[in-house]
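K.L.:
sharing a model prediction with you, sequence too.
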Amino acid sequence: MTVSTENPTLAKLEEKYNSTELRVNPFEKQGGRTFTDTVGERNRDGVCILGDRPDDYTTIDSIVRWVSNDSVPPIDILEMAVVDGTITFDEFLTSVEVSSKESAEHLEAYFNMRAKHGYSEEEKAEMRANFGDEEVVDIITGQQVAI
(Lines give C-alpha, C1' and ligand atoms only; values in the text may rest on other atoms or scores of the structure.)
Protein backbone atom coordinates (compact mmCIF):
# COMPACT_ATOMS: atom_id res chain seq x y z
CA MET A 1 0.00 0.00 0.00
CA THR A 2 1.33 3.43 -0.92
CA VAL A 3 -0.06 6.50 0.79
CA SER A 4 0.43 9.77 -1.05
CA THR A 5 1.56 12.73 1.03
CA GLU A 6 0.19 15.13 -1.55
CA ASN A 7 -2.53 16.99 0.36
CA PRO A 8 -1.81 14.90 3.45
CA THR A 9 -4.24 14.50 6.28
CA LEU A 10 -3.39 13.27 9.73
CA ALA A 11 -5.45 10.13 9.01
CA LYS A 12 -3.41 9.39 5.84
CA LEU A 13 -0.15 9.84 7.72
CA GLU A 14 -1.30 7.66 10.62
CA GLU A 15 -2.26 4.97 8.11
CA LYS A 16 1.15 5.22 6.48
CA TYR A 17 3.25 4.99 9.67
CA ASN A 18 1.00 2.98 11.99
CA SER A 19 -0.49 0.44 9.60
CA THR A 20 -0.52 -3.10 10.97
CA GLU A 21 -1.21 -4.58 7.53
CA LEU A 22 1.27 -7.39 6.96
CA ARG A 23 3.81 -6.84 4.23
CA VAL A 24 5.55 -9.90 2.84
CA ASN A 25 8.54 -9.55 0.57
CA PRO A 26 9.62 -12.90 -0.92
CA PHE A 27 13.04 -11.44 -1.77
CA GLU A 28 13.96 -10.87 1.88
CA LYS A 29 14.86 -14.20 3.48
CA GLN A 30 15.91 -14.96 7.04
CA GLY A 31 16.93 -18.49 7.94
CA GLY A 32 15.13 -19.94 4.94
CA ARG A 33 11.87 -18.17 5.85
CA THR A 34 10.25 -15.24 4.15
CA PHE A 35 10.70 -12.14 6.29
CA THR A 36 7.41 -10.44 7.21
CA ASP A 37 6.80 -7.03 8.73
CA THR A 38 3.99 -4.50 8.70
CA VAL A 39 3.50 -1.65 6.28
CA GLY A 40 3.92 0.82 9.16
CA GLU A 41 7.19 -0.78 10.29
CA ARG A 42 8.51 -0.68 6.74
CA ASN A 43 7.63 3.01 6.32
CA ARG A 44 9.31 3.85 9.65
CA ASP A 45 12.45 1.88 8.84
CA GLY A 46 15.48 4.18 8.61
CA VAL A 47 13.60 7.39 9.40
CA CYS A 48 15.08 9.57 12.17
CA ILE A 49 12.66 9.93 15.08
CA LEU A 50 12.48 13.61 15.93
CA GLY A 51 11.21 12.95 19.45
CA ASP A 52 14.34 10.90 20.28
CA ARG A 53 16.53 13.97 19.86
CA PRO A 54 14.65 16.97 21.32
CA ASP A 55 17.82 19.07 21.63
CA ASP A 56 18.51 18.69 17.90
CA TYR A 57 15.50 20.69 16.70
CA THR A 58 13.57 23.81 17.58
CA THR A 59 10.15 25.16 16.68
CA ILE A 60 9.79 28.90 16.10
CA ASP A 61 6.66 30.45 14.57
CA SER A 62 5.33 26.91 13.88
CA ILE A 63 8.40 26.05 11.77
CA VAL A 64 10.47 23.03 12.82
CA ARG A 65 14.20 23.46 12.15
CA TRP A 66 17.41 21.58 12.91
CA VAL A 67 19.49 23.45 15.48
CA SER A 68 22.73 22.48 13.69
CA ASN A 69 22.02 24.12 10.33
CA ASP A 70 18.68 25.96 10.66
CA SER A 71 17.11 23.90 7.86
CA VAL A 72 13.72 22.19 7.97
CA PRO A 73 14.04 18.41 8.51
CA PRO A 74 13.11 16.08 5.64
CA ILE A 75 9.40 15.51 5.10
CA ASP A 76 9.41 11.84 6.20
CA ILE A 77 10.87 12.88 9.57
CA LEU A 78 8.19 15.56 9.94
CA GLU A 79 5.45 13.11 8.93
CA MET A 80 6.47 10.63 11.61
CA ALA A 81 6.85 13.41 14.18
CA VAL A 82 3.28 14.57 13.65
CA VAL A 83 1.95 10.98 13.79
CA ASP A 84 3.92 10.35 17.00
CA GLY A 85 2.61 13.57 18.58
CA THR A 86 6.02 15.28 18.71
CA ILE A 87 4.81 18.23 16.60
CA THR A 88 1.35 19.48 15.69
CA PHE A 89 -0.25 19.04 12.29
CA ASP A 90 -0.13 22.83 11.79
CA GLU A 91 3.62 22.81 12.53
CA PHE A 92 4.00 19.99 10.00
CA LEU A 93 2.10 21.89 7.27
CA THR A 94 3.92 25.17 7.95
CA SER A 95 7.33 23.45 7.97
CA VAL A 96 6.65 21.62 4.70
CA GLU A 97 5.53 24.86 3.05
CA VAL A 98 8.64 26.72 4.24
CA SER A 99 10.89 23.82 3.19
CA SER A 100 9.43 23.85 -0.32
CA LYS A 101 9.93 27.62 -0.62
CA GLU A 102 13.51 27.45 0.71
CA SER A 103 14.39 24.57 -1.63
CA ALA A 104 13.14 26.58 -4.61
CA GLU A 105 15.24 29.56 -3.46
CA HIS A 106 18.37 27.38 -3.09
CA LEU A 107 17.89 25.89 -6.56
CA GLU A 108 17.38 29.33 -8.10
CA ALA A 109 20.58 30.55 -6.40
CA TYR A 110 22.47 27.51 -7.75
CA PHE A 111 21.16 28.10 -11.30
CA ASN A 112 22.15 31.79 -11.10
CA MET A 113 25.61 31.00 -9.70
CA ARG A 114 26.31 28.45 -12.44
CA ALA A 115 25.02 30.82 -15.14
CA LYS A 116 27.26 33.61 -13.86
CA HIS A 117 30.42 31.70 -12.86
CA GLY A 118 30.28 28.37 -14.69
CA TYR A 119 32.70 25.73 -13.36
CA SER A 120 36.17 26.24 -11.94
CA GLU A 121 39.23 24.74 -13.60
CA GLU A 122 39.54 22.38 -10.63
CA GLU A 123 35.94 21.17 -11.11
CA LYS A 124 36.55 20.67 -14.84
CA ALA A 125 39.78 18.75 -14.16
CA GLU A 126 37.91 16.42 -11.79
CA MET A 127 35.22 15.86 -14.42
CA ARG A 128 37.86 15.06 -17.07
CA ALA A 129 39.58 12.65 -14.66
CA ASN A 130 36.32 10.88 -13.84
CA PHE A 131 34.56 10.93 -17.21
CA GLY A 132 37.27 11.33 -19.85
CA ASP A 133 35.68 12.16 -23.22
CA GLU A 134 32.12 11.43 -22.05
CA GLU A 135 29.50 14.15 -22.21
CA VAL A 136 29.02 15.62 -18.72
CA VAL A 137 25.66 17.07 -17.73
CA ASP A 138 24.90 18.98 -14.55
CA ILE A 139 22.05 16.94 -13.09
CA ILE A 140 20.53 19.97 -11.40
CA THR A 141 20.54 22.43 -14.31
CA GLY A 142 20.33 19.85 -17.08
CA GLN A 143 23.02 21.75 -19.00
CA GLN A 144 25.97 20.11 -20.68
CA VAL A 145 29.30 21.08 -19.11
CA ALA A 146 32.12 21.99 -21.48
CA ILE A 147 35.13 20.27 -19.95
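P.N.:
Happy to help now that I have it.
K.L.:
now the helices for this structure?
P.N.:
With DSSP state H applied, the chain shows helices at 10-18, 39-44, 75-83, 89-117, 121-131, listed in chain order.
K.L.:
got those helices as JSON lines, with mean neighbour count, distance to Asp55 and mean pLDDT columns?
P.N.:
For the C-beta atoms, the positions are set from N, CA and C on the backbone; glycine is no exception. Formatted as JSON lines, those follow (neighbours: other C-beta atoms under 10 Å; distance: least, C-beta to C-beta, whole Å; pLDDT from 0 to 100):
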{"stretch": "helix 10-18", "mean neighbour count": "17", "distance to Asp55": "23", "mean pLDDT": "94"}
{"stretch": "helix 39-44", "mean neighbour count": "18", "distance to Asp55": "22", "mean pLDDT": "91"}
{"stretch": "helix 75-83", "mean neighbour count": "21", "distance to Asp55": "15", "mean pLDDT": "96"}
{"stretch": "helix 89-117", "mean neighbour count": "13", "distance to Asp55": "17", "mean pLDDT": "96"}
{"stretch": "helix 121-131", "mean neighbour count": "12", "distance to Asp55": "37", "mean pLDDT": "95"}
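K.L.:
make a markdown table from the ones you listed and add distance to Gln143 to it.
P.N.:
Below are those laid out as a markdown table (distance: least, C-beta to C-beta, whole Å):
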| stretch | distance to Gln143 |
| --- | --- |
| helix 10-18 | 37 |
| helix 39-44 | 36 |
| helix 75-83 | 28 |
| helix 89-117 | 8 |
| helix 121-131 | 13 |
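K.L.:
of these, which approaches Ser62 most closely?
P.N.:
Nearest to Ser62, of all the helices of the chain, is helix 89-117, at 4.2 Å by C-beta to C-beta.
K.L.:
I'd guessed Leu107 sits against Ile140; true?
P.N.:
Yes - with contacts counted by C-beta atoms under 8 Å, Leu107 reaches Ile140, the gap being 7.0 Å.
K.L.:
of the helices of the chain, which is nearest Thr59?
P.N.:
Nearest of those (C-beta to C-beta): helix 89-117, 6.0 Å.
K.L.:
which one of the helices of the chain lies nearest to Thr58?
P.N.:
helix 89-117 (11.2 Å).
K.L.:
which strands and helices lie in contact with that closest one?
P.N.:
Counting contacts by 3 or more C-beta pairs under 8 Å, 6 or more residues apart in numbering; DSSP states H and E, helix 89-117 packs against strand 63-66, helix 75-83.
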